[in-house]
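Q: quick one: sequence plus predicted model below, questions after.
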Amino acid sequence: MRNILNICRRELYSYFVSPIAWVLLTIFSLLSGGFTTLITVAFVKASLEGQMTGQQTPMNLNEQVIGPLFSNMAVVSLFLIPLISMRLFAEEKRQGTIELLITSPVHDLEIIIGKWLSAVIMYAALLGVLLLDYIFLFVYGQPDWRPVATGFLGIFLQGACLLSLGTFISSLTRNQIVAGAVGFALALLLWILNWTTSFGNSGTVQFVNYLSIVSHFDGFVRGVIDTKDVVYYLSMIFLGLFLTSRSLESLRWRA
């Protein structure tokens, strides 16, 4: 555990002494603030128009503000998560320190978990910015806290899942740009797999839809925690870290 924390601390330090963390936080802050403002203004405008015209259509803050905001920020995360994970091992290879790392008296699993954990903490810092936006909604509105809590759990698990896969991709190349591009392509692929539902309801379509990260995220936004969704994300995290361990093992043999 001590080695994991040391590696995690080292990676976090490298994030914040470089422009990476500050650029990501700035981008995420601007986008989350912009989406929050636009969606909230549209909600207030629709509510006022309904009162002026005498329409009795119920307005739901959770369904019309919180749900869409989570969905939009999940899409934003697709672009930012590869930027977090792309440097984890690719930078070590570029600097020539990967051989020193894998031949040190530290287990491969400790290296992998330490680096992945630092990326997860960096991602959690971005979600902390989003939490500030939701605090204002609670100050000026009365949303149900449960969909907010489950929504944060869902978007966190989704990010941890993509970061584990991004960690594996980063271990395959020494070029950060390649790692980031392939990581984004894989995240986008997992995102659009649920589009296959338009081709029918066969067993193959259902299986492909199950692999989509969107299919397992929607329930969290609605305030529902389904065991199969949690198992999916945890399984994908395990898969990404397992593949990374195999990649490091091959590097160790070559070293």
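A: Okay, I see it.
Q: for the rest of this, base every contact and every neighbour count on C-alpha atoms.
A: Fine.
Q: isn't residue 88 right next to residue 167, touching?
A: Yes: if you go by Cα atoms under 8 Å, residue 88 and residue 167 touch, sitting 6.5 Å apart.
Q: out of the two, which sits in the busier spot?
A: A side-by-side neighbour count of residue 88 and residue 167, using other Cα atoms under 10 Å, places residue 167 first with 29 against 24.
Q: contacting residues around the more buried one?
A: Taking Cα atoms under 8 Å, 6 or more residues apart in numbering as the criterion, residue 167 is in contact with 85, 86, 88, 89, 116, 240, 241, 244.
Q: columns secondary structure on top of those, output as TSV?
A: Output for these, formatted as TSV (DSSP: H, G, I helix; E, B strand; the rest coil):
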residue	secondary structure
85	helix
86	coil
88	coil
89	coil
116	helix
240	helix
241	helix
244	helix
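Q: which of those residues lies closest to residue 216?
A: The nearest member of the contacts of residue 167 to residue 216, counting by Cα to Cα, is residue 240 at 17.4 Å.
Q: distance of the closest one from residue 74?
A: Distance, residue 240 to residue 74, using Cα to Cα, to the nearest Å: 20 Å.
Q: ok, those two, which is more surrounded?
A: Ranked by neighbour count (other Cα under 10 Å), residue 240 and residue 74 place residue 240 first, with 22 against 19.
Q: buried residues, stretch 137-145. List them.
A: 137, 143 (16 or more other Cα atoms under 10 Å).
Q: ok now that stretch, how far from the chain's centre?
A: On the basis of Cα atoms, centre = their mean, to the nearest Å, stretch 137-145 sits 24 Å off its chain's mean C-alpha point.
Q: what do you get for stretch 128-135?
A: 16 Å.
Q: hmm, who's touching it?
A: Against stretch 128-135 from outside (Cα under 8 Å, 6+ apart): 25, 28, 29, 32, 33, 36.
Q: which two of those have the greatest separation?
A: In those, two members sit farther apart than any others by Cα to Cα. They are 25 and 36, at 15.9 Å.
Q: and those two? Which one has more around it.
A: residue 36 (24 against 20).
Q: distance of that one relative to residue 71?
A: Residue 36 is 12 Å from residue 71, by Cα to Cα.
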